[in-house]
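Undergrad: I'll drop the sequence and a predicted model, then ask my questions.
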Amino acid sequence: QVQLVESGGGMVQAGGSLRLTCAASTRTFSRYTMGWFRQAPGKEREFVAAVTGSSSRTLYKDTVKGRFTISRDNAKNTVYLQMDSLKPEDTAIYYCAADSKNTILIITSTQVYDYWGQGTQVTVSS
């Protein structure tokens, strides 16, 4: 069983930055593609960004490209999401997720990810 714990959420004004951190409790962390998803009130959970096990590939939702950066440190079993130039529409609960079946592929469907964190709230005020 893999446990994922997110941190770093909070409230920020539009144009500000936040860095989310997700710590994983597994020794096979480097084998997993890791993703960030978000869910706004009344909306479905959506893909934000993902990184493959060796960091060879990353993928972003179109509306966050150029503003968000996903990275990972396999020595620390940690994945990050640096969020810059935040907008009110980025307000949501952000979830970290692990795809234990893929190391080199990135799939954006929530159904593929088998481990999830508890989520961290990000609120961007205008």
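TA: On my side now, so go ahead.

Undergrad: Only C-alpha atoms from now on, for both contacts and neighbour counts.
TA: Noted.

Undergrad: before we move on, which element is V122 in?
TA: In this assignment (DSSP states H and E), V122 forms part of strand 120-125.

Undergrad: who's in contact with that strand?
TA: With contact meaning Cα atoms under 8 Å, 6 or more residues apart in numbering, strand 120-125 is reached by 6-14, 86-95.

Undergrad: Now do that strand: distance to the chain's middle.
TA: 14 Å (Cα atoms, centre = their mean, to the nearest Å).

Undergrad: what does stretch 66-81 give?
TA: Chain-centre distance of stretch 66-81: 8 Å, with Cα atoms, centre = their mean.

Undergrad: mind listing what's buried in that stretch?
TA: F68, T69, I70, S71, R72, N74, N77, T78, V79, Y80, L81 (16 or more other Cα atoms under 10 Å).

Undergrad: Pull the contacting residues for the residue nearest in space to the middle of the chain.
TA: Geometric centre of the chain, nearest residue: W36, 2.0 Å, by Cα atoms, centre = their mean. Counting by Cα under 8 Å, 6+ apart, W36 touches F47, V48, A49, A50, L81, Y94, Y95, C96, A97.

Undergrad: thought the second one was touching G35?
TA: Yes. Because the distance of 7.5 Å satisfies Cα atoms under 8 Å, V48 is recorded as touching G35.

Undergrad: Who has more neighbours out of the two?
TA: Between V48 and G35, counting by other Cα atoms under 10 Å, G35 is the more crowded of the two (30 against 23).

Undergrad: tell me which element Y80 is part of?
TA: Per DSSP H and E, Y80 falls inside strand 78-83.

Undergrad: Doesn't I106 lie inside a helix?
TA: No. Counting by DSSP: H, G, I helix; E, B strand; the rest coil, I106 is not found in a helix; it is coil.
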